[in-house]
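Asks: here is a sequence with its predicted model. Questions after.
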Amino acid sequence: MSTQWNSIKPSDILTKQESHDLRQRSDLMGFYLLAHCWGIIAGAMALYALFPNPLTFLLCLVLVGSRQLGLAILMHEGSHGMLFKTRNLNEWLTAWFAAAPMILNMDTYRKRHMAHHRFTRTDADPENYLYTPFPVSKGSMARKILRDLTGIVFLRTQIGIFRYIWGEEEGRWVRLRAFYGRPILFYTAVISSFSLAGRLDLFLLCWLLPLATTQQLFLRIRNIAEHATMPSLEDPLKNSRTTLVSAWERLTFAPYFVNFHIEHHMLPFVPCWRLPEVHKLMLARGFGERMEIRNGYWDIIRLNASA
């Protein structure tokens, strides 16, 4: 049975007018969010290309890795139908410019993610495996982070996804084409462009390396923050977590308001850029003391590396 809205419904949080106002999507905001994400990526690459040194390279690793996580978050937004108001724009632009660069398929993700919303932190939650190992020891957390930053997790993940899609022989090539068709075309165009410009090194150092390293770290910590080591698995205000973040954490671990996760689970029809307003409304209406709210991602790491 679905666990969504079992004890708290959207109408308990918002008035009808607030619900109507907050659910409004925007094509202009969708274009802005995608342009912002890709603009930071392009700017970081250009900075390193123009001034190649260890500092600009490190900055590029951090900024590109964070915006690659940002692309995954915008794909998540598109999977809810909320990145763009116009459906065709939402489906097409999200699939090509958010999902494909991350070697993901939005339709496949959408099916799994909707089940995550329905069955959050129950045995039927298909994303439960991301959260159940925690808390772990400090040594275990350090090893996980090391595997993230050395590309081991990226390789294991890609191999695992491929083996899962390969699966049974019947329908194999249909599944492979459906999942990898757009990423192959996207990466063919990108690699060809960098090669023709004589800067394939920028693709390898400033895109592929962050994808396999810093992005993996940011993704792990964000995943842990959302649903790991929760005070209650039944209470919807305590089986998800909202993390209050600083400017540098918003730049790295929490782009595009992903840190407002209780608010997203309670009101999944609200676009991400309106979630801070939902947070203020929930606090004003007395939900704050019942919500699992943490201050910063260092607090999250300490909580989950305490076994």
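Replies: Alright, I've got the coordinates.
Asks: tell me where the stretch 51-200 of the chain has strands.
Replies: Applying DSSP state E, counting those that start in this stretch to the stretch 51-200 of the chain gives no strands.
Asks: which stretches in it count as helices?
Replies: Ranges of helices within the stretch 51-200 of the chain are 54-79, 87-94, 106-118, 138-149, 152-166, 172-196, 200-203, based on DSSP state H, counting those that start in this stretch.
Asks: point out the most buried one among those helices.
Replies: Of all these, helix 54-79 has the most neighbours on average by mean count of other CB atoms under 10 Å, namely a mean of 22. Every residue, glycine included, has its C-beta placed from N, CA and C.
Asks: so that one versus helix 106-118, what angle?
Replies: Between helix 54-79 and helix 106-118, the angle comes out at 70 degrees (axes from the mean of the first three to the mean of the last three CA atoms, to 10 degrees).
Asks: quick one: average pLDDT of helix 54-79?
Replies: Averaged over helix 54-79, pLDDT sits at 98.
Asks: equivalent analysis for stretch 115-134, please.
Replies: Stretch 115-134 comes out at a mean pLDDT of 93.
Asks: distance between the ends of that stretch?
Replies: Taking CA to CA, to the nearest Å as the measure, stretch 115-134 stretches 21 Å from start to finish.
Asks: neighbouring contacts of that stretch?
Replies: Stretch 115-134 has contacts (CB atoms under 8 Å, 6 or more residues apart in numbering) with 2-4, 112-113, 223-224, 226-230, 233, 236, 239-240, 265, 268, 304.
Asks: and if we set it to 10 Å?
Replies: Identification of contacts with stretch 115-134 by CB atoms under 10 Å, 6 or more residues apart in numbering yields 1-5, 80, 111-114, 140-141, 144, 219-220, 223-224, 226-230, 232-234, 236, 238-240, 264-265, 268, 300, 303-307.
Asks: so what's the gap between that stretch and the chain middle?
Replies: How far stretch 115-134 lies from its chain's middle: 16 Å, per CA atoms, centre = their mean, to the nearest Å.
Asks: still on that earlier bit, filter the contacts of stretch 115-134 down to the buried ones, PyMOL style.
Replies: Selection of buried members from the contacts of stretch 115-134 for PyMOL, criterion 16 or more other CB atoms under 10 Å:
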select buried, resi 3+4+80+113+141+144+219+220+224+226+227+228+229+230+236+238+239+240+264+265+300+303+304+305
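Asks: the contacts of stretch 115-134 in helices, which ones?
Replies: Among those, DSSP state H puts 111-114, 140-141, 144, 219-220, 223-224, 226-227, 264-265, 300, 303-304 in helices.
Asks: which residues touch the residue nearest the centre of the chain?
Replies: Geometric centre of the chain, nearest residue: Ile73, 3.6 Å, by CA atoms, centre = their mean. Residues near Ile73 by CB under 10 Å, 6+ apart: 33, 37, 67, 83, 98, 219, 222, 254-258, 272.
Asks: need those in CSV with distance to Thr120, can you?
Replies: CSV is the format used below for those (distance: CB to CB, whole Å):
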residue, distance to Thr120
Leu33, 25
Cys37, 27
Arg67, 27
Leu83, 22
Ala98, 23
Leu219, 19
Arg222, 16
Ala254, 19
Pro255, 22
Tyr256, 21
Phe257, 19
Val258, 16
Cys272, 18
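Asks: cool, thanks, signing off.
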